[in-house]
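Undergrad: got a sequence here, can you model it:
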Amino acid sequence: MESPGRRRFACHVVCGLAAATLAGPALAQGNDRVVFATDWFAQAEHGGFYQALAEGIYARHGLDVTIRMGGPQVNGLQLLAAGQLDVAMADGLQVLSAAEQNVPLVAIAATFQKNPTVVIAHPGVTRLEQLKGKPIAIASAANTTFWPWLKAQFGFDDAQKRPYAFSVQPFLADATLSQQGFATSEPYSIEKGGVRPVVFLLADYGYPPYSEALVVRRDTLDKRGGVLERFVRASAEGWKRYLADPSAGNALIRKDNPQMTDELLAYSLRQMREHAIVEGGAAKRDGLLTMTDARWRATVDFLKLTRLAKPNVDYSKAWSLAIVRDVRVLP
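TA: Below you'll find the model as predicted:
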């Protein structure tokens, strides 16, 4: 059974951004036009944005928003750097990688307050620490994301690693094997395969990177701050509505991605609610899509601890709270 997950572990490293053409903001005719790219095919994890479009929330904020789906062959940050997008969705580590390459991109908001990365084990495992020394299937890109964190925090070692082919079949066939995944997708496939997995959300153990950050070019932030503020506010309102009643957003998701099923949409939303992935953490106090300096600095500290950070890089230029601090759409 092939996992419906986004397979974005293979896309965490930003490639070729420094060579992107640094053109002007996309579709400059009309300051209220916003072209926004998600990080994968349309799914529940993008629900608030589709809800804002479906219910006319963007229009009420004076915005003409186009949502473009991502996918395995789409490098959203490269398109953003080249001026073909106004806003792109990306993992926080991708944004910090762009800073290392002196690409003028900046995160202005974060969809997920908890990174949805999980380690999935078979029944009988009760603590993440029990997986030390046991085989875990991970993708190669995990070597620059969560795997060094697991080694530093739990004493995992490289001898445990097994190849991960973005399928749950090896897990289903081997009761000793654990694997990587996203809380909103791979456990669903495993349950469909007849196993009730044990799921460890790494964010609950301190894994710090933001996920599904909203990223813009620095010059877009400087010149179109008012438009971006309305976009973030409308998106936050869309997420509040989606978490309450996702029907309108799901209809647009299925239109963009006909392979998406109602069952998986419901499962993913249930997992986001149960883990408080969107409305948890600082969002309870500061509003949906919020970010904090402390969380970003903790991510940079993680990179330094695991020797993934590069010397003489000003990582603080990779994020800005100028937009999101005034939005405050509470869950």
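
Undergrad: can I assume residue 181 sits in a strand?
TA: Yes. Assessed with DSSP: H, G, I helix; E, B strand; the rest coil, residue 181 lies in a strand.

Undergrad: can you check the pLDDT for it?
TA: Looking at residue 181, its pLDDT is 96.

Undergrad: look at it and say how many residues are nearby.
TA: With neighbours defined by other Cβ atoms under 10 Å, the count for residue 181 comes to 27. C-beta here means a position set from N, CA and C on the backbone, and glycine is covered the same way.

Undergrad: look up how far residue 201 lies from it.
TA: 10 Å (Cβ to Cβ, to the nearest Å).

Undergrad: ok, now residue 56?
TA: 34 Å.

Undergrad: just to revisit the earlier point, what's the overlap in contacts for residue 181 and residue 201?
TA: 117-118 (Cβ atoms under 8 Å, 6 or more residues apart in numbering).

Undergrad: between residue 56 and residue 201, which is the more surrounded one?
TA: Higher neighbour count among residue 56 and residue 201: residue 201, with 21 against 11, using other Cβ under 10 Å.

Undergrad: for that one, what are its contacts?
TA: Counting by Cβ under 8 Å, 6+ apart, the residues that residue 201 touches are 114, 116-118, 183, 275.

Undergrad: can you pull the phi/psi pair for it?
TA: Per-residue torsions, residue 201: phi -80, psi 110 (degrees, to the nearest 10).

Undergrad: helices of the stretch 51-200 of the chain, start to end?
TA: Along the stretch 51-200 of the chain, counting by DSSP state H, counting those that start in this stretch, helices occupy 57-60, 76-81, 92-100, 146-154, 169-173, 186-192.

Undergrad: reformat those helices as JSON lines; add mean neighbour count, distance to residue 232 and mean pLDDT.
TA: Listed next are the helices of the stretch 51-200 of the chain as JSON lines, based on neighbours: other Cβ atoms under 10 Å; distance: least, Cβ to Cβ, whole Å; pLDDT from 0 to 100:
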{"stretch": "helix 57-60", "mean neighbour count": "18", "distance to residue 232": "11", "mean pLDDT": "96"}
{"stretch": "helix 76-81", "mean neighbour count": "24", "distance to residue 232": "16", "mean pLDDT": "95"}
{"stretch": "helix 92-100", "mean neighbour count": "24", "distance to residue 232": "16", "mean pLDDT": "97"}
{"stretch": "helix 146-154", "mean neighbour count": "19", "distance to residue 232": "27", "mean pLDDT": "96"}
{"stretch": "helix 169-173", "mean neighbour count": "16", "distance to residue 232": "38", "mean pLDDT": "97"}
{"stretch": "helix 186-192", "mean neighbour count": "21", "distance to residue 232": "29", "mean pLDDT": "96"}
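
Undergrad: out of those, flag the one nearest residue 269.
TA: Among those, the nearest to residue 269 by Cβ to Cβ is helix 186-192 (11.5 Å).

Undergrad: which elements pack onto that closest one?
TA: Under the contact criterion of 3 or more Cβ pairs under 8 Å, 6 or more residues apart in numbering; DSSP states H and E, helix 186-192 touches strand 117-121, strand 178-182, helix 262-274.

Undergrad: the inter-axis angle of the longest one versus strand 117-121?
TA: Read that as helix 262-274. Put simply, helix 262-274 runs at 110 degrees to strand 117-121, going by axes from the mean of the first three to the mean of the last three Cα atoms, to 10 degrees.

Undergrad: I'd like the average pLDDT over helix 262-274.
TA: 97.

Undergrad: following the chain onward from that helix, which element is next?
TA: Using DSSP states H and E, the helix or strand that follows helix 262-274 in sequence is helix 283-286.

Undergrad: buried residues, the following helix or strand past that next one. List them.
TA: Using DSSP H and E, the helix or strand that follows helix 283-286 in sequence is helix 293-305. Neighbour-count burial for helix 293-305 flags 295-296, 299-300, 302-303 (criterion: 16 or more other Cβ atoms under 10 Å).

Undergrad: enumerate the positions of whichever helix in the chain runs longest that are buried.
TA: Looking across the chain with DSSP state H, the single longest helix is helix 225-244. Within helix 225-244, the residues scored as buried using 16+ other Cβ under 10 Å are 227-243.

Undergrad: could you check the angle helix 262-274 makes with it?
TA: Using the same axes, to 10 degrees: helix 225-244 against helix 262-274 is 110 degrees.
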